[in-house]
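quick check, what structure comes out for this input:
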Amino acid sequence: MKIHIKGMGKWSYVDGSAVKPVIKPKAEEWDTTNTNGMGILLKVMTPEIMQLFSNFDSPKAIWDSVAATYYDGNDFARVHELNVKAFHL
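Sure, this is the predicted structure:
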């Protein structure tokens, strides 16, 4: 999943380093990209899981919450499954 998001040039929204600009046209562009990043993450989830994370307001919040909830550092099979799903979006 991380590889897919980085490949799309959206990782800075997931890691939190993309800061929302103050100037309106750039802020609107940032909002759109931020929302797209959330969509990328939510699309690979089952509807039941998606309900748990769809109310977050940033890809970073979703990523961090999913990691805290499900990732134990050794879930290679699940990581692979999510990567495969992400590449088919």
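
separation between the residue of the chain most remote from its centre and Trp30?
In the chain, the residue that sits farthest from the middle, by Cα atoms, centre = their mean, is Ile23; the gap is 24.3 Å. The span separating Ile23 from Trp30 equals 10 Å under the rule Cβ to Cβ, to the nearest Å. Where C-beta positions appear, they are placed from N, C-alpha and C, glycine not excepted.

which neighbours do those two share?
By Cβ atoms under 8 Å, 6 or more residues apart in numbering, Ile23 and Trp30 have no common neighbours.

beyond the helix or strand encompassing Thr32, next helix or strand please.
Under the criterion of DSSP states H and E, Thr32 resides in helix 24-43. Using DSSP H and E, the helix or strand that follows helix 24-43 towards the C-terminus is helix 47-53.

so what secondary structure elements neighbour the helix or strand just after that next one?
Sequence order places helix 59-70 as the next helix or strand after helix 47-53, per DSSP H and E. Using 3 or more Cβ pairs under 8 Å, 6 or more residues apart in numbering; DSSP states H and E, the elements in contact with helix 59-70 are helix 11-14, helix 24-43, helix 47-53.

with just CA atoms, put helix 59-70 into CSV.
Taking Å, rounded to 0.1, in the frame of the first residue of the first chain, the C-alpha atoms of helix 59-70 are listed here in CSV:
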residue,chain,number,x,y,z
PRO,A,59,-5.1,10.1,5.2
LYS,A,60,-2.6,10.3,8.1
ALA,A,61,-5.3,9.9,10.7
ILE,A,62,-6.7,6.9,8.8
TRP,A,63,-3.2,5.3,8.3
ASP,A,64,-2.2,5.8,11.9
SER,A,65,-5.4,4.4,13.3
VAL,A,66,-5.4,1.4,11.0
ALA,A,67,-1.8,0.7,12.0
ALA,A,68,-2.5,1.0,15.7
THR,A,69,-5.6,-1.2,15.3
TYR,A,70,-4.3,-4.0,13.0
